[in-house]
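A.B. asks: Structure of the sequence below:
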Amino acid sequence: MKQLREHIKKTISTLMEEKYPAPPEIVDALKLDLRLSPLIRYVKGLKAANTVPPSYEVRLVNGTSFMIYLEQFSLMVKIGGKKYFLGDIEEKNLAIKQINKLLTDPQMGGEEETGETGDTEPTDTPAEEPAEEPAEEEPEA
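C.D. replies: Next comes the predicted model:
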């Protein structure tokens with residue numbers, strides 16, 4: 001019964017997200033500027049983030065993600081702690097290289113943390129509990 005409930009929650013969450021397609025600017029930037037065409041090959045999904053300026057979390061097929069912001073003068077891609085403006089050719093090329101690294105480098109410890117998404121979607125894995133420290137051995141007298 002619990003599995004059915006979780007499946008229903010996931011399905012509802014997915015259906016709710018499908019009602020709001022990504023803006024054409026974001027899709028065009030992913031396909032044309034960042035060379036992620038066809039999208040289904042590279043992108044698992046987009047998640048609207050609760051940020052100012054408006055942004056989307058781009059979830060890649062290997063579990064990593066990056067943010068794309070709708071700035072007034074240009075789209076901005078944030079990968080890790082670095083920002084790349086797509087209006088600048090050099091920065092756009094650097095962003096493509098960084099996305100390629102996200103797609104090709106082996107991942108250590110799961111998904112990349114973005115920390116800005118406001119994602120409230122339930123997860124399948126339980127929250128990580130802190131590892132127990134081994135008990136100290138008492139010195140023999």
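A.B. asks: Point to the helix or strand of the protein where mean pLDDT is at its lowest.
C.D. replies: helix 2-18 (a mean of 81; mean pLDDT, DSSP states H and E).
A.B. asks: Quote the end-to-end distance of stretch 77-90.
C.D. replies: 13 Å (CA to CA, to the nearest Å).
A.B. asks: For that stretch, which outside residues touch it?
C.D. replies: 29, 33-34, 66-69, 71, 73-76, 91-92, 94-95, 98-99, 102, 112, 114 (CB atoms under 8 Å, 6 or more residues apart in numbering). All C-beta spots, glycine's among them, are computed from the backbone N, C-alpha and C.
A.B. asks: do stretch 92-99 as well
C.D. replies: Here stretch 92-99 makes contact (CB under 8 Å, 6+ apart) with 33-36, 60, 66, 77, 79-80, 82, 84-86.
A.B. asks: can you pick the most crowded of the residues you listed?
C.D. replies: Val77 (26 neighbours; other CB atoms under 10 Å).
A.B. asks: Can you give me the distance of it to Ser13?
C.D. replies: Here Val77 is placed at a distance of 25 Å from Ser13 (CB to CB, to the nearest Å).
A.B. asks: picking that back up, next, format the contacts of stretch 92-99 as a markdown table and append pLDDT and secondary structure.
C.D. replies: Putting these into a markdown table (pLDDT from 0 to 100; DSSP: H, G, I helix; E, B strand; the rest coil) gives the following:
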| residue | pLDDT | secondary structure |
| --- | --- | --- |
| Asp33 | 93 | helix |
| Leu34 | 94 | coil |
| Arg35 | 93 | coil |
| Leu36 | 92 | coil |
| Leu60 | 93 | strand |
| Phe66 | 95 | strand |
| Val77 | 95 | strand |
| Ile79 | 94 | strand |
| Gly80 | 89 | coil |
| Lys82 | 95 | strand |
| Tyr84 | 95 | strand |
| Phe85 | 94 | strand |
| Leu86 | 93 | coil |
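A.B. asks: All set, thanks.
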